[in-house]
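Undergrad: Predicted model, plus sequence, below.
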Amino acid sequence: MRGWAPLVWNQASSQFMSFRDAKSTVEVEDLRREFKGKEGKVLALDGVDLKVKEGEVFGVLGPNGAGKTTMIRILSTLLLPSSGSAKVMGWDVAKQPEKVRPLISTASGAERAGYDYITARGNLWFFSQLYGLPSKLAHERINEFSEMLGLTDYLDKKFYALSTGYRQRVTVVRAFINDPKVVFLDEPTIGLDVMTALKIREFLVKQAKESGRTILLATHNMAEVDAICNRVGIIDKGKILACDTPMALKRSLGAPALVMEMAPPPDSASLEPLGKLEGVKGFTSSIDEERGVGRVQVVVDSDESAQGAIDFARKSGMNLISNWRQQTTLEEVFVALVGRGFREREHESPS
Ligand SMILES: Nc1ncnc2c1ncn2[C@@H]1O[C@H](COP(=O)(O)OP(=O)(O)O)[C@@H](O)[C@H]1O
Ligand SMILES: [Mg+2]
């Protein structure tokens, strides 16, 4: 048995079930996508396999450039794969896109989706009509979803007059207005204030749990995944490196992370050997300029390995001013898989 499997209310059979028994709504097999860029070919997706279950909030977590948007675009029939297959509710996204489209919807945090001089309500009504929704039903859904997202008082304001947070709430309502079975969201809370992000996350969880929708969420926000995803696939350079519940992934590391602070900050070359120590799965380092302190976070498999890392720092002549252990997060899971942190990965030149 692998990890913790949450229970979910199954509408069809009117009973609680675990995701293990739920049917797969998204099935991806050996999916590849190549782009021809200025500096030659880029393999944006490099053999992705994935199964997402009905009623699940599934996170695709990875740093910028990992391939998340490419995957969302393929799954939502906006881009063709180079090879491999992807199915939504059993339909092949490349071969039967006309079967897939009525069952899905997609929204991105990067888009600015609305007509400025129409009200929020007018915008939503307009989109509902593109889906051919009866007017009464459309208004009911607009009201219901807006209420859940705290958007009601803003519905009759013109779109341009809304703040970024409220515009994004409109975008989220729009993504659910056609009663989709599967919703693909690309960084839906990127750049939003905390309150809006919370509201949107709460809404997504409700939509999955109570309406049995599958939500596939691409994000580079680990806290978001921790907060709402039943399972997560960690993606880097077009490959899914691990896939499980956030809890199981964190537990798999075996021991709390070690944090060491050093003054002055050690240079990166002298830290290199740290990554090769027995039981050290990877580390990240950063500098607190203000305090003139270097902070090194080490992912270890046991308390002995943590001690080994401390001994290494001392023997190398680093001035260790403090060290402590810290509950592992998905960041450490990524470090253990890749050897480096999210931000360091994003600053690496593409290989
Ligand atoms: N239209 C495109 N043309 C060329 N390269 C692309 C294109 N779209 C994406 N890429 C490249 O594919 C890789 C994955 O990009 P993307 O899917 O946008 O990642 P993410 O959404 O995780 O940041 C990156 O190296 C990116 O530069
Ligand atoms: Mg992206």
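TA: Structure received. Ligands and ions are numbered 1, 2, ... in the order given.
Undergrad: which one is the residue in the stretch 51-200 of the chain positioned nearest to ligand 2 nearest to, not counting chain neighbours?
TA: Residue nearest to ligand 2 within the stretch 51-200 of the chain: T69 (3.2 Å; Cβ to the ion). (Each C-beta comes from the backbone N, C-alpha and C, glycine too.) Closest residue to T69 apart from its sequence neighbours, by Cβ to Cβ, 6 or more residues apart in numbering: D186 at 5.6 Å.
Undergrad: How much space separates E348 from R167?
TA: Distance, E348 to R167, by Cβ to Cβ, to the nearest Å: 33 Å.
Undergrad: ok, now S76?
TA: According to Cβ to Cβ, S76 and R167 sit 21 Å apart.
Undergrad: ok, now N319?
TA: 49 Å.
Undergrad: if you count what's nearby, which of the two comes out ahead?
TA: Using other Cβ atoms under 10 Å as the criterion, N319 and R167 rank with R167 on top: 22 against 14.
Undergrad: list the contacts for the more buried one?
TA: Applying Cβ atoms under 8 Å, 6 or more residues apart in numbering, we find R167 in contact with 112-114, 159.
Undergrad: quick one, phi psi at it?
TA: phi -60, psi -40 (degrees, to the nearest 10).
Undergrad: swap in the one 5 residues further on?
TA: The phi/psi pair for V172 (degrees, to the nearest 10) reads phi -70, psi -40.
Undergrad: ok, the closest residue to it other than its chain neighbours - how many residues close by?
TA: Distances taken as Cβ to Cβ, 6+ apart put I200 closest to V172, at 5.5 Å, once the chain neighbours are dropped. By other Cβ under 10 Å, 24 other residues sit near I200.
Undergrad: and if you look at E348?
TA: For E348, using other Cβ under 10 Å, the count is 11.
Undergrad: for it, what are its contacts?
TA: E348 touches R340, counting by Cβ under 8 Å, 6+ apart.
Undergrad: how much space between it and N230?
TA: Where N230 is concerned, E348 sits at a distance of 31 Å (Cβ to Cβ).
Undergrad: Equivalent analysis for I287, please.
TA: Note on I287: its distance to N230, by Cβ to Cβ, is 36 Å.
Undergrad: Just the element for I235, please.
TA: strand 231-236 (DSSP states H and E).
Undergrad: Determine the set of other helices and strands touching that strand.
TA: strand 40-53, strand 57-61, strand 239-244, helix 246-251, helix 330-338 (3 or more Cβ pairs under 8 Å, 6 or more residues apart in numbering; DSSP states H and E).
Undergrad: Any idea how many residues pack against the nearest residue in space to I235 that is not next to it in sequence?
TA: Sequence neighbours aside, G62 is the residue nearest to I235 in space, at 3.7 Å (criterion: Cβ to Cβ, 6+ apart). Residues within reach of G62, counting by other Cβ under 10 Å, total 28.
Undergrad: tell me the pLDDT at G341?
TA: pLDDT for G341: 87.
Undergrad: Do I have it right that it meets T329?
TA: No. With contacts counted by Cβ atoms under 8 Å, G341 stays clear of T329, the gap being 11.0 Å.
Undergrad: quick revisit: give me the number of neighbouring residues for the residue of the stretch 51-200 of the chain closest to ligand 2.
TA: So T69, with other Cβ under 10 Å, has 18 neighbours.
Undergrad: Using the three-state scheme, assign it.
TA: Of the three states, T69 takes helix under DSSP: H, G, I helix; E, B strand; the rest coil.
Undergrad: check contacts around it.
TA: 108, 186, 218.
Undergrad: among these, which are in strands?
TA: Mapping the contacts of T69 onto strands (DSSP state E) picks out 108, 186, 218.
Undergrad: how many other residues sit next to E111?
TA: Neighbour tally, E111, other Cβ under 10 Å: 12.
Undergrad: My guess is it contacts T171. True?
TA: Yes. Contact status for E111 versus T171: in contact at 6.9 Å, counting by Cβ under 8 Å.
Undergrad: Give the other helices and strands that the helix or strand hosting V299 contacts.
TA: Per DSSP H and E: V299 is located in strand 293-300. On a contact count with 3+ Cβ pairs under 8 Å, 6+ apart, strand 293-300 meets strand 257-262, strand 280-288, helix 303-315, helix 330-338.
Undergrad: Repeat the analysis, applying 6 Å as the threshold.
TA: Where contact means 3 or more Cβ pairs under 6 Å, 6 or more residues apart in numbering; DSSP states H and E, strand 293-300 is packed against strand 257-262, strand 280-288, helix 330-338.
Undergrad: nearest to ligand 1, of those?
TA: helix 330-338 (13.2 Å; Cβ to the nearest ligand atom).
Undergrad: any bit of that closest one sitting next to ligand 1?
TA: No. Using Cβ under 6 Å from any ligand atom, helix 330-338 never reaches ligand 1; the gap is at least 13.2 Å.
Undergrad: Could you tell me the angle between that helix and strand 257-262?
TA: 90 degrees (axes from the mean of the first three to the mean of the last three Cα atoms, to 10 degrees).
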